[in-house]
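Engineer: Pasting a predicted model and its sequence here:
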Amino acid sequence: MPTRLQVIAGRGFALALAMAGVLLLPGGLRLLFLGGSWWYATAGVALLTSAALLWRSSRWGAWLYGCLLLVTVGWSLWEVGLDGWALLPRLGLLLLGGLWLITPLASASLRPVPPPLLGPRARLGAWVVIAALVLAPASATILRLGASPPEQQAWPDDTGTTQGWPSYGNDAGGTRHSPLSQIHPGNVARLQPAWTARTGDLPGPGMQYNFEATPLQVGRLLYLCTPGGRVLALDAADGRRAWQFQAPSGERRPGSYTCRGVAYGEGRADGKACATRIYSATPDNRLWALDALTGRPCRDFGNEGAVDLHEGLGDVPSGSYSVTSPPLVTRGRVVVGALVVDTVADIPSGVVRAYDAQDGSLAWAWDVGRPDRTGAPPAGETYTRSTPNVWAPMVADDVTGLVFLPTGNPALDFHGARRRDFDEAFGTALVAVDVVTGVTRWRFQVTHHDVWDFDLASQPTLLEMRGPSGPRLAVAVGTKSGGIFVLDRLTGEPIVPVLERPVPQAGSVETRLSATQPESALEVSPGPARLREATMWGLTPFDHMWCRIRFLESRYEGPYTPPGTDREVLVYPGLSGGIEWGGLAVDPVRRLLVTNPNSMPFRVRFTPAADAPVGRSGQPEYSVAAYPFFSPLGIPCMQPPWGSLMAIDLDSQRVLWKRAVGSAVDSGPFGIPSRLPLTIGTPQLGGSITTRSGLVFSAATLDRYLRAYDVTSGEELWKARLPAGGQATPMTYQIDGRQYVVIAAGGHAALGTPAGDYVMAWALPSP
């Protein structure tokens, strides 16, 4: 006879099965009605029946449960194969239930009527089978995500004792490549903390800071900016503060502010004050020129060291205009773009302006609404309002004399009724302008009539492509849709093939959708090329089912599904990439392109706005909501990985390796860290760098680690824990014969990583 404890345990398990069945059956029927999977309704019926039998202590309930488990194993393998993370919501809880049923405690609670459920040997065999079901997919996933590295190549010797990082992307081409090799794959595991500096700039109540700065290193100093408007110089050898600048009466506006870096340039030729300069924009929208050695304003620049960027913009509502990326210094010019909030119709101009690096006078203005006018607007007028803006870092080419501008989408970001012909022509495009005059030389649009918020977010990168006729000067740019476009620098013609692909048209509120969209032969994404019901995810069968239902209830017809009012629309890879502002890194030694894309579907909902005015096209306007496609547990509805690191061979234009990056240590349901050190492939914000010795450094993942990888294989070689989120691009330099790797660890409000004010450096142990 079973004991009272055994009966209580058995009936408790039966109640749990009944609750699971009650949850699965209605949702499963809804899924069937939508044309989805049959498993959830079937499982609901099977669990309810099994629960009723187990409540009566019938072994048939256990046999029925076992049959459901076997059917689920077959269905799961058919849907997703041996992908451990994808199998988790399908098999995880059911396998735990199966483990319970073959324990002596559970077996003893069932009536001992023939046939016996499982004898001792059979129970041992069942344990082995279930363990294999649990471990085999996980092992396969680990092997799939971590490819074995090829034989290690010899690393070259350093080229000198001092090598800095003078520009945001290190060199003028924005390659994010360092020629240093003191730290190499053979010794990177020996890196240890060298110094830590604190900026003292943390967000106050109601503010969100995104400390995304990549420091510059010139001479013996590091230069960086903070989200609160400070510019700092640190000693490159020990991190001690050399000077700090805070703009007088600098505003600290409520809301979010970002600073990704400053720019370095030459000033006076007479060797007096401000012979070398740091250029930085502050939250009050002034462009400052500072003496690189002292931090004092250069009084001969603008008005006592600053140019007011509000000039010519007209009405600038608080928080609607801000310079988030570093200025660009080239050929005696300081070129500045800005982020302009595009969620409202009437916003400041997205004009890009170039100022004389010496005195701050306006050299030219690139205003797409007035291509005939490259100067300031006459008194009483403004630059054309609500035009596409350039918030991502720019790059200049000294060879061709061109500045490459990555533009955002015109306002409104998800609805194009108000857009004008010049908005349509220059929105979400790479544009080449003359560095001397600001005149447009060519443009290449990566998204036509962008109503998906696919603005170009990453810095263009200059590189050389090999061809039948020899080397060809190229510029590459990554996109939020996951494409990498490689174009001729002089003409803008594609070097890597681009096709115009037909895209969905039905269901849109738009009147002039583009029938096609450009697709590069280099398309990268951590996730599948196209979402399916089977690629939905969850931690349990219940949130997994919820995600599958919401997927089928939403409108998704592949890439570029147009927004409409009938249903929510899924935008994929998502508003945060594809390739975000972290951009591309180049290894010119091995001819590799390195990037870290995201895949995170977003839901976009259009609602007709009550009493809304009509747009320029005569269409009514709408309120729009856009948010990540998350389950009720606060986790993505698409199966991982959501973030990856990959290397592309520039000559064959094939992916050399791809690996999921980022563990579940700092993420979990409801935002509670799971502390599980399992690689899942987290979302990322930030970029990667490469070194001549064959290393990739990156800290962009949701978990708080700076990592080093082998550039030829993707193997993780080293990692260091950070006190705050590392949503920035690292850098490296060498001084006094010692190479350092530096990252700004300040967290990111959008990813929910902890805020901080840390600048941290690592180096090999001192000899």
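Structural biologist: That came through, no problem.
Engineer: hmm, which helix or strand of this structure has the shakiest average pLDDT?
Structural biologist: helix 120-145 (a mean of 50; mean pLDDT, DSSP states H and E).
Engineer: What pLDDT does the model give Q739?
Structural biologist: Note on Q739: pLDDT of 97.
Engineer: For the closest residue to it other than its chain neighbours, give me its contacts.
Structural biologist: Nearest non-adjacent residue to Q739, counting by CB to CB, 6 or more residues apart in numbering: Q182, 4.0 Å away. (C-beta placed from N, C-alpha, C; glycine too.) With contact set as CB atoms under 8 Å, 6 or more residues apart in numbering, Q182 has these partners: D158, S693, Q734, R738, Q739, L764.
Engineer: Am I right that Q182 sits in a strand?
Structural biologist: No: using DSSP: H, G, I helix; E, B strand; the rest coil, the assignment for Q182 is coil, not a strand.
Engineer: Give me the buried positions along stretch 374-393.
Structural biologist: Across stretch 374-393, burial judged by 16 or more other CB atoms under 10 Å covers 374, 376-377, 382-393.
Engineer: Quick one: classify A237 as helix, strand or coil.
Structural biologist: Recorded secondary structure, A237: coil (three-state DSSP).
Engineer: Longest helix in the protein, please.
Structural biologist: As assigned by DSSP state H, the longest helix anywhere in the chain is helix 4-33.
Engineer: I'd like the mean pLDDT over that one, please.
Structural biologist: The average of the pLDDT scores along helix 4-33 is 93.
Engineer: tell me what it is packed against?
Structural biologist: helix 39-55, helix 84-101, helix 104-108, helix 541-553 (3 or more CB pairs under 8 Å, 6 or more residues apart in numbering; DSSP states H and E).
Engineer: who touches the first one?
Structural biologist: Outside of helix 39-55, the residues that reach it under the criterion CB under 8 Å, 6+ apart are 10-11, 13-15, 17-18, 20-29, 31-32, 60-62, 64-65, 67-68, 71-72, 75, 110, 541, 545, 548.
Engineer: Using neighbour counts, give me the buried entries of those residues.
Structural biologist: By 16+ other CB under 10 Å, these give 10-11, 13-14, 17-18, 20-21, 23-25, 27-28, 31, 60-62, 64-65, 68, 72, 75, 110, 541, 545, 548 as buried.
Engineer: Please identify the buried residues of the host helix or strand of W243?
Structural biologist: Assigned by DSSP states H and E, W243 belongs to strand 241-246. Judged by neighbour count using 16+ other CB under 10 Å, the buried positions of strand 241-246 are A242, W243, F245.
Engineer: and of the residues you listed, the nearest to P317?
Structural biologist: F245 (27.0 Å; CB to CB).
Engineer: Go through stretch 38-51 and flag the buried ones.
Structural biologist: Under the neighbour-count criterion of 16+ other CB under 10 Å, stretch 38-51 has W39, Y40, A41, T42, A43, G44, A46, L47, L48, T49, S50, A51 buried.
Engineer: rewinding a little: tell me which two of the contacts of Q182 sit farthest apart.
Structural biologist: Within the contacts of Q182, S693 and R738 form the most distant pair, 14.7 Å apart (CB to CB).
Engineer: ok, D398 - how many residues close by?
Structural biologist: If you count neighbours by other CB atoms under 10 Å, D398 ends up with 12.
Engineer: check contacts around it.
Structural biologist: D398 touches A172, T330, R331, counting by CB under 8 Å, 6+ apart.
Engineer: Show only the entries of these found in helices.
Structural biologist: Among the contacts of D398, no residue falls in helices (DSSP H).
Engineer: Quick check: pLDDT value at V624.
Structural biologist: Here the pLDDT value assigned to V624 is 84.
Engineer: try T161
Structural biologist: Per-residue confidence for T161 comes out at a pLDDT of 46.
Engineer: if I pick P597, what's in contact with it?
Structural biologist: Residues near P597 by CB under 8 Å, 6+ apart: G478, G482, V524, S525, P526, P573, G577, G578, I579, G643, S644, M646.
Engineer: Between those, which sits nearest G470?
Structural biologist: G470 has its nearest neighbour among these in G478, at 25.8 Å by CB to CB.
Engineer: nearest spatial neighbour of that closest one, skipping sequence neighbours?
Structural biologist: Nearest non-adjacent residue to G478, counting by CB to CB, 6+ apart: I579, 3.0 Å away.
Engineer: if I read this right, that neighbour contacts T479, doesn't it?
Structural biologist: Yes: counting by CB atoms under 8 Å, I579 touches T479, with 6.1 Å between them.
Engineer: quick one: the strands in the stretch 251-400 of the chain?
Structural biologist: Counting by DSSP state E, counting those that start in this stretch, the segments of the stretch 251-400 of the chain that form strands are 255-259, 263-266, 276-281, 286-291, 306-308, 321-322, 328-330, 333-336, 339-340, 352-356, 362-366, 395-397.
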